[in-house]
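**Student:** Fold the following.
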Amino acid sequence: MRQTSQLYTPIRDDSAPLIYLSTEFIRAKEYLEAIVASTSDAIWTTDLSGRIIYFSPGAEKMLGRSLREAFAQSAAGFFAGGRLEASRIHRHLLAQGSLAEHETVLLRADKSKVRVSMSAALLKDRSGTIIGTLAISKDISRRIELEERLRELSITDDLTGLYNQRHFHEVAGAELRRAKRQGEKFSLLVIDLDHFKRANDLWGHLEGDRILQGTARAIRSCIRGDVDMAFRYGGDEFVVILPGLGEKTARSVAERIAAAAAKKPFAKLVGLSIGAAALRPSDSLNDLLRRADSRMYRAKRRKKSAG
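**Tutor:** Take a look at the predicted model:
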């Protein structure tokens with residue numbers, strides 16, 4: 001006859017000795033505690049007021065908080081979003097009964113952040129009355145960092161470190177529409193290297209790469225890193241978007257970029273021609289690009305005729 005583990009065998013005999021029931025309960029409790037202790041996930045339960053009732057070893061390690069510290073506060077204190085995020089989760093649980101793979105941010109004891117995927121459920125007693133909540137959180141920080149890194153690689157030009165043309169078309173249109181919607185200024189620069197092909201042919205591709213990298217550094221040093229965005233549009237052409245700036249200020253930025261590039265070692269080999277254009281009410285992104293491009297070529301022709 002097939003043997004079944006005694007731990008999982010239902011006890012239906014009401015006459016079973018109390019000591020036998022106690023032994024089975026202790027074994028089951030120890031078994032469950034061993035499972036919980038072996039996981040690195042953060043597991044906690046709360047009562048209806050949000051006060052911590054259980055806090056697993058994984059939770060202690062993930063959040064850098066001892067049991068004593070955890071029991072002294074509400075679970076809302078674990079969320080980077082504070083009570084607002086805790087209340088949002090609680091309302092969802094009351095409406096749906098459970099929550100699966102909800103991505104949120106928790107706070108460690110040192111105030112550093114850990115990104116987690118949280119599953120949660122209401123706890124009920126035998127009569128079905130809600131008595132608290134259970135939450136299980138898995139640290140997904142490394143996964144998120146990898147995804148962000150892969151995303152960064154997909155939108156960045158390998159050689160210069162600037163954003164690539166693909167990302168330009170993703171963000172420039174959205175920025176232009178936002179500027180129109182909010183009635184804000186918006187400008188764009190088109191930058192092209194003068195005599196780059198000649199320098200590339202004369203000194204080789206490695207020197208050509210160094211020129212492109214030096215140009216990218218010059219551009220980056222002259223724009224607002226938290227607002228403006230620079231792109232390698234293709235070959236030796238670059239584009240800069242300048243949210244919130246009108247044409248006069250955009251021209252000043254162009255002059256700063258040209259001056260910064262003139263100090264680079266490659267300035268004897270190549271120069272920069274820059275065209276600036278500011279948003280007009282009827283402009284599409286292509287209209288703005290064409291106008292800046294036209295002005296860039298006009299500047300290039302002036303240099304040729306002058307010298």
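
**Student:** List of residues touching whichever strand or helix holds Glu148?
**Tutor:** Using DSSP states H and E, Glu148 sits in helix 141-155. Identification of contacts with helix 141-155 by Cβ atoms under 8 Å, 6 or more residues apart in numbering yields Val114, Arg115, Tyr163, Asn164, Arg166, His167, Glu170. Using the backbone N, CA and C atoms, a C-beta is placed for each residue, glycine as well.

**Student:** at 7 Å what do you get?
**Tutor:** Val114, Arg115, Tyr163, Asn164, Arg166, His167 (Cβ atoms under 7 Å, 6 or more residues apart in numbering).

**Student:** Give me the buried entries from the residues you listed.
**Tutor:** Buried members of the contacts of helix 141-155, scored by 16 or more other Cβ atoms under 10 Å, are Val114, Arg115, Tyr163, Asn164, His167.

**Student:** pLDDT below threshold where in the protein?
**Tutor:** Along the chain, segments meeting pLDDT under 70 span 1-33, 35-36, 306-307.

**Student:** The longest strand along the chain pairs with which strands, parallel or anti?
**Tutor:** Longest strand in the chain by number of residues, with DSSP state E as the criterion: strand 113-124. Applying DSSP bridges to the sheet, strand 113-124 is found paired with strand 98-107 (antiparallel), strand 130-139 (antiparallel).

**Student:** orientation of it relative to helix 141-155 in degrees?
**Tutor:** Interaxial angle, strand 113-124 versus helix 141-155 (axes from the mean of the first three to the mean of the last three Cα atoms, to 10 degrees): 130 degrees.

**Student:** Strand 113-124: which residues count as buried?
**Tutor:** Buried, per 16+ other Cβ under 10 Å, within strand 113-124: Val114, Arg115, Val116, Ser117, Met118, Ser119, Ala120, Ala121, Leu122, Leu123.
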